[in-house]
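Trainee: Starting from these lines, generate the structure:
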Amino acid sequence: MPRALVLLSGGLDSATCAALARDAGHDIFTLTFDYGSRHSKEVDAANALAQHFGSEKHMVFKLALDKIGGSALLDESEEIRQNGVADDIPSTYVPARNIIFLSIALAHAERFGCDAIFIGANAIDYSGYPDCRPEFIEAFQKMADVGTKRGAEGRPIQIVAPLVDLSKAEIINKGMVLGVPYNLTWSCYLGGEKKACGKCDACQFRLKGFEEAGYDDPIEYGN
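Mentor: Down below sits the predicted model:
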């Protein structure tokens, strides 16, 4: 069976990506980044999801992006936007995050003989991050084609972003058909103790998606 490396953040999109990769007939390997964010809830969720999906090898890669900073996800002194999604790129943008993540994923994929990397980038219901758009995925594919041994040998690793043009509701509908355990996922930027805040961009998009898809969100939210 072909192998796929799934970037598994622990969130709704990456969980759906893992289900799609498995449904497409891939043996899946999973890679999670513990990159110095203000909480570890997504890493915990990713570990549970990797086990659920039967990952051949689940890797948690530590990165100290908090040493760079520049994001409210990395610095608790910076404010995270709540109750309203604007058109600007918000403070939760992490500088060059997906460039860094995909570069490391590319090395892992080549090392473990994976034919594809699945990433849950989405450019419809999202916070406007520039590294989640189709043109970024296309540009990274070109770089991967010329900058790896496999690419030079004519066997390039494919960067697959199956959710990039879907709304959150469409993503959730796909996931429900595939039996994605959304109760195991975590999206909230704030972390909290047990409940998601329900107010940050990630929670707002998630709640909107479940409402439009006609399902109840299985995780708990605070007041």
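
Trainee: Can you point out the buried residues in stretch 137-149?
Mentor: Applying a neighbour-count criterion of 16 or more other CB atoms under 10 Å, the buried positions in stretch 137-149 are 137, 140-141, 144-145, 148. Using the backbone N, CA and C atoms, a C-beta is placed for each residue, glycine as well.

Trainee: Quick one: distance of it to the chain centre.
Mentor: Its chain's average C-alpha position is 20 Å from that of stretch 137-149, according to CA atoms, centre = their mean, to the nearest Å.

Trainee: Of the buried residues of stretch 137-149, just say which sits nearest to residue 119.
Mentor: residue 137 (7.5 Å; CB to CB).

Trainee: any idea which element the closest one lies in?
Mentor: Per DSSP states H and E, residue 137 falls inside helix 134-147.

Trainee: Now do the contacts for the residue nearest to residue 126 when sequence neighbours are not counted.
Mentor: Counting by CB to CB, 6 or more residues apart in numbering, residue 126 lies nearest to residue 132, which is 5.5 Å off, once chain neighbours are set aside. The contact partners of residue 132, by CB atoms under 8 Å, 6 or more residues apart in numbering, come to 98, 121-123, 126, 164.

Trainee: the helices in the protein, which residues?
Mentor: Using DSSP state H, the helices of the chain run over 12-23, 41-52, 97-111, 134-147, 149-152, 168-178, 201-213.

Trainee: Any idea how far apart the tips of stretch 50-59 sit?
Mentor: Its start and end residues considered, stretch 50-59 measures 9 Å (CA to CA, to the nearest Å).

Trainee: buried set for that stretch?
Mentor: 50, 53, 55-56, 58-59.

Trainee: Next, give me the two most distant ones among the residues you listed.
Mentor: It's 53 and 59 that sit farthest apart of these, by CB to CB, at 13.9 Å.

Trainee: Name the residues contacting each of these two.
Mentor: Common neighbours of residue 53 and residue 59 (CB under 8 Å, 6+ apart) are residue 30.

Trainee: any chance of the buried residues of stretch 137-149 in a markdown table, plus pLDDT and distance to residue 169?
Mentor: Listed next are the buried residues of stretch 137-149 as a markdown table, based on pLDDT from 0 to 100; distance: CB to CB, whole Å:
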| residue | pLDDT | distance to residue 169 |
| --- | --- | --- |
| 137 | 97 | 22 |
| 140 | 98 | 27 |
| 141 | 98 | 27 |
| 144 | 97 | 31 |
| 145 | 97 | 33 |
| 148 | 97 | 36 |
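
Trainee: between the residues you listed, which is closest to residue 157?
Mentor: residue 144 (5.9 Å).
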